[in-house]
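Asker: okay, here's the prediction I keep looking at, along with the sequence it came from:
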Amino acid sequence: MTAFDLRPTLNAPDDDPYLWLEDIEGERALDWTASQSARTLEHFGATQFERDRAALTAIFDRPDKIPLITRHGHYLYNFWQDARNPRGLWRRTTLAAYMKADPQWEALLDLDAVAVSDGEDWIWGGASIEPERRERAVLRLSRGGSDAVVHREFELGSLSFVADGFNLAEAKGEVNWLDPDTLLLSSALGDGMATRCGYARTVRLWKRGADPLTAPAIFETGSESVRVSGHLDRTAESERLWFTERPTYFEKIARIGDRSGPKMRIDLPRDAWWSGFGDWLAVKPRKPWTVGGMTHAADALIGISLSSFIAGERSFAMLFEPGDRRSLQSFFWNNGKLVISYLVNLDPRFEMFTPEGQEWTRRALDTVPTQGTVDLWSLDAERHETNGEVLISAQDPITPPKRLLLDLNAAAPLGAPVILKRNPENFDASGLVVTRHEAVSTDGEMIPYTQVGPANGNGDAPVHLTAYGGYRKSVLPHYNPSLGKQWLERGGTCVVANIRGGGEFGIRWHEAGRRAGKRLTHDDFAAVAADLVRKGITQPWRIAAEGGSNGGLLIANMLTRYPELFGALFCTMPLVDMRRYTKLLAGASWIEEYGDPDKPEDWIFLSDISAYHAAAPGQPYPPILIATTKRDDRVHPGHARKMAAKLQALGYPAYFYEPGAGGHSYKDNRERAAFIALGNNFLRSAIGWQADRVRQAAGTPQEQRFNK
């Protein structure tokens, strides 16, 4: 009998023989990742992978895809990637030109050319355009896709970088313009400037020509907080600066001040969502809030005059009341109007409120699509420049997205939105149907899921199953060209599960899957997998599950807790070591979601979901591919590396892949296509949907694994 090295274990969680894999740039670790990636490509990077990668790259590079836009002044700005511009082209046009079939664009920055000139692996991180003159912008450039960026000032007239401008070395953080010669700098750059999570601890006043490292700090917090930031509120009648401190991931403390720093704390619950415009404030409590003799429910939306609130008034107007499956998803201001988005049993609805004196006038946005997945946001990037024009994205799993324009200032009845662009069809959806179902979880909760596939199956469908289940993030089914081309078009079925921990049904849904409840989110996902079998859709060995980041933690727990329900698992950018996650990169910022492993009472429930420690020999684990990127400076690549190494030491069919760039996402369209195609090729192979190398490596067919 083979003697396995079981470490680390739940009984000895700190005895970790794979700590050397946390050394991101360590020679030994890089040799290991290179050999592991080569092995994975040898198994799954053959002809079919090459064809799939080429097909996806062509889809991502299509010249007729919708250009994503945001408006600054008279121009719409877009960052465009295609075969000729793999790193991307920053460009702009006018709304009138954009509405034409073939708009003309003014090229501003060729990032491919800049990368060659600088000898850097630049990835676009965005641009902050100075909003008064709009003559300059500060660009954010990332090396290889990391969250840490280099800031460089760019002249929009000469289309050149400003040599002695607002240029900042690599760090996590942001800048906000006060005027053409002054920035608010919220950056981790400099000694003592970072919180323990790696984000900015101070807000500094950075004047043109000054050294950013010696710029005076006008607001700061302790190193135990997550981060701070500051911005100028241009919707106010006089200059008003907001300073925001995030003590934890779900808490926010707001202060108002001026260029010398904050002067007043706004007396709102730390865990409430809020947003202001001019003299108006909208607030969404996370927990019931009793104030002014009234108790406002969690997830309600209430409004008040900001100046009145500061003066002590607490009589809020009720704008939105939540229900069991009626939950507020987002709200934003546009031209003094508050636009809200909510779900009614997962179907989208939109309303608008206009504050006038003590009243808030309500108007249903009933011309906005209410089927499928619909998003709505302002066309203008700057809140003070909004003029009532909003963009709409509408799609469903078999209908490509379309982009629409709606004018909120139009007289009643509100007219239909104008269609600006449509995405092309990227896969053959004929014969596919979209249905919604519910599974019963371990505690009796009904878990919705959306199924896309052929109308009539044979009970042996190859199923791709995914979910997220964290951070109150709602995951709704959308048009996915990758799965459409590589799964649905080939006769497979795709399922998206709305497990707890997300925000689909409001704070109740999130709270049920947070901290000690995180185990329930994993139970929910397993319940959906079991329900697909119970309904006769498929068999366990035909279910391929995928998840990334927090969803990677989910997939790792399917391996260790519910291996009998799955045929293959694709685990990307995952958290898996819940003993050390707070010590790795941004991990400490997520304590409110998961718990603190340094507290014995929290480790009790964290140990239940720490798949790295739970992995043990002799279990019916399905084949798994664990993938990350070397430049991910959010979720440490050590999680994925260590989990793959331990599973292999235990004798399981575990594969590993780590490209050198990409951050917490992808570097460019070709790398994105390669990552996705490799994962899909692995999953299809592992569940026996094509020539099956995994079975050869594992030594036994998947069906035999289930029949043992």
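Answerer: Received it, and whenever you're ready, just let me know what you need. Numbers count the residues shown, from 1 in each chain.
Asker: give the contact list for Arg204.
Answerer: Shown in contact with Arg204 (CB atoms under 8 Å, 6 or more residues apart in numbering): Leu184, Leu185, Ser186, Ser187, Pro212, Ala215, Pro216, Ala217, Ile218. Where you see a C-beta, it was placed from the backbone N, CA and C, and this is true even at glycine.
Asker: pull out the buried members of the residues you listed.
Answerer: Among these, those classed as buried by neighbour count (16 or more other CB atoms under 10 Å) are Leu184, Leu185, Ser186, Ser187, Pro212, Ala215, Ile218.
Asker: tell me which of these fall in strands.
Answerer: Per DSSP state E, strands hold the following members of the buried ones among the contacts of Arg204: Leu184, Leu185, Ser186, Ser187, Ile218.
Asker: got the contact list for the fourth one?
Answerer: Same thing as Ser187. By CB under 8 Å, 6+ apart, the neighbours of Ser187 are Leu168, Ala171, Lys172, Gly173, Glu174, Val175, Met193, Ala200, Arg204, Pro212.
Asker: can you redo those residues as JSON lines with distance to Leu68, secondary structure and pLDDT?
Answerer: Conversion of these to JSON lines gives the following (distance: CB to CB, whole Å; DSSP: H, G, I helix; E, B strand; the rest coil; pLDDT from 0 to 100):
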{"residue": "Leu168", "distance to Leu68": "26", "secondary structure": "strand", "pLDDT": "98"}
{"residue": "Ala171", "distance to Leu68": "27", "secondary structure": "strand", "pLDDT": "97"}
{"residue": "Lys172", "distance to Leu68": "24", "secondary structure": "coil", "pLDDT": "97"}
{"residue": "Gly173", "distance to Leu68": "24", "secondary structure": "strand", "pLDDT": "97"}
{"residue": "Glu174", "distance to Leu68": "20", "secondary structure": "strand", "pLDDT": "97"}
{"residue": "Val175", "distance to Leu68": "22", "secondary structure": "strand", "pLDDT": "98"}
{"residue": "Met193", "distance to Leu68": "33", "secondary structure": "coil", "pLDDT": "97"}
{"residue": "Ala200", "distance to Leu68": "27", "secondary structure": "strand", "pLDDT": "98"}
{"residue": "Arg204", "distance to Leu68": "32", "secondary structure": "strand", "pLDDT": "98"}
{"residue": "Pro212", "distance to Leu68": "31", "secondary structure": "helix", "pLDDT": "97"}
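Asker: still on that earlier bit, of the ones in strands among the buried ones among the contacts of Arg204, which is the nearest to Ser474?
Answerer: Ser186 (27.7 Å; CB to CB).
Asker: just checking, the closest one touches Ala171?
Answerer: No: with contact defined as CB atoms under 8 Å, Ser186 does not count as touching Ala171 (10.2 Å).
Asker: thinking again about what came up before, return the closest of the contacts of Ser187 with respect to Glu130.
Answerer: Val175 (10.3 Å).
Asker: my guess is that closest one meets Ser128, correct?
Answerer: Yes: look at Val175 against Ser128 with CB under 8 Å: they come within range, at 5.9 Å.
Asker: what is in contact with these two at once?
Answerer: Counting by CB under 8 Å, 6+ apart, the residues touching both Val175 and Ser128 are Val138.
Asker: and the lowest mean pLDDT element among the helices and strands of this protein?
Answerer: Using mean pLDDT, DSSP states H and E, the weakest-scoring helix or strand in the chain turns out to be helix 693-698, at a mean of 38.
Asker: who's in contact with stretch 507-524?
Answerer: 286-287, 298-299, 327, 439, 441-443, 445, 447, 467, 469-472, 497, 499-503, 553-554, 557-558, 561-562, 592-595, 602, 605, 608-609.
Asker: SS state for the residue nearest the centre of the chain?
Answerer: Centroid-nearest residue in the chain: Lys473, 8.2 Å away (criterion: CA atoms, centre = their mean). With DSSP: H, G, I helix; E, B strand; the rest coil as the basis, the three-state label of Lys473 is coil.
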